[in-house]
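Enquirer: sequence and predicted structure below; questions after.
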Amino acid sequence: MARILLIVALLLAVFWVYSVVDCAVQHPSRHRGVSKPMWMLIVIALPVVGGLLWFTIGRSRASTVPRVRAPDDDPEFLGRIGDIRDQDERIRRIEEELKALDSEDDDPRSGNPPQRPTDA
């Protein structure tokens, strides 16, 4: 009988530790009811009952948490980057700046154009 009680106590201790760790690592948006620090206090203060409450009431499912999407999958982000005309204007302006930089001397401090090697 003592062996069974020892095994049950060990399983309850493992469940309690797992509950504390799970509550601690979950994102605060996945905590229902009360705040994350309150859930931590409940789970730690009431070892088995707190863990049961955490898994039945406090922890929300992953599907209810908004997923982080890549920028090209997020319609809100795509709406904020502007339309094609804005992008075309930016590209045209950058090309003009690059063209102006290419046409300048390599060393703008000297008034002489850069010397090119001659074929001998």
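Expert: Looks like it came in fine. Numbers count the residues shown, from 1 in each chain.
Enquirer: so for the lengthiest helix in the chain, what's the average pLDDT?
Expert: Longest helix in the chain, counting residues (DSSP state H): helix 2-25. Regarding helix 2-25, the rounded mean pLDDT is 92.
Enquirer: run the chain-centre distance for it.
Expert: 31 Å (C-alpha atoms, centre = their mean, to the nearest Å).
Enquirer: who are the packing partners of the next helix or strand after that helix?
Expert: As assigned by DSSP states H and E, the chain's next helix or strand after helix 2-25 is helix 36-45. Other elements packing on helix 36-45 under the criterion 3 or more C-beta pairs under 8 Å, 6 or more residues apart in numbering; DSSP states H and E are helix 2-25, helix 47-53. Any C-beta I mention is one placed from the backbone N, CA and C, and that applies to glycine too.
Enquirer: which residues does residue 53 contact?
Expert: 42, 43, 46 (C-beta atoms under 8 Å, 6 or more residues apart in numbering).
Enquirer: wait, I meant residue 24
Expert: residue 40.
Enquirer: cool, and the one 10 residues further on?
Expert: The neighbours of residue 34, taking C-beta under 8 Å, 6+ apart as the test, are 42, 58.
Enquirer: rewinding a little: please identify the deepest-packed of the helices and strands packed on helix 36-45.
Expert: With neighbours defined as mean count of other C-beta atoms under 10 Å, those peak in mean count at helix 47-53, which reaches a mean of 17.
Enquirer: distance from the chain centre to it, please.
Expert: 30 Å.
Enquirer: could you dump the helices and strands packed on helix 36-45 to JSON lines with distance to residue 88?
Expert: Formatted as JSON lines, the helices and strands packed on helix 36-45 follow (distance: least, C-beta to C-beta, whole Å):
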{"stretch": "helix 2-25", "distance to residue 88": "46"}
{"stretch": "helix 47-53", "distance to residue 88": "57"}
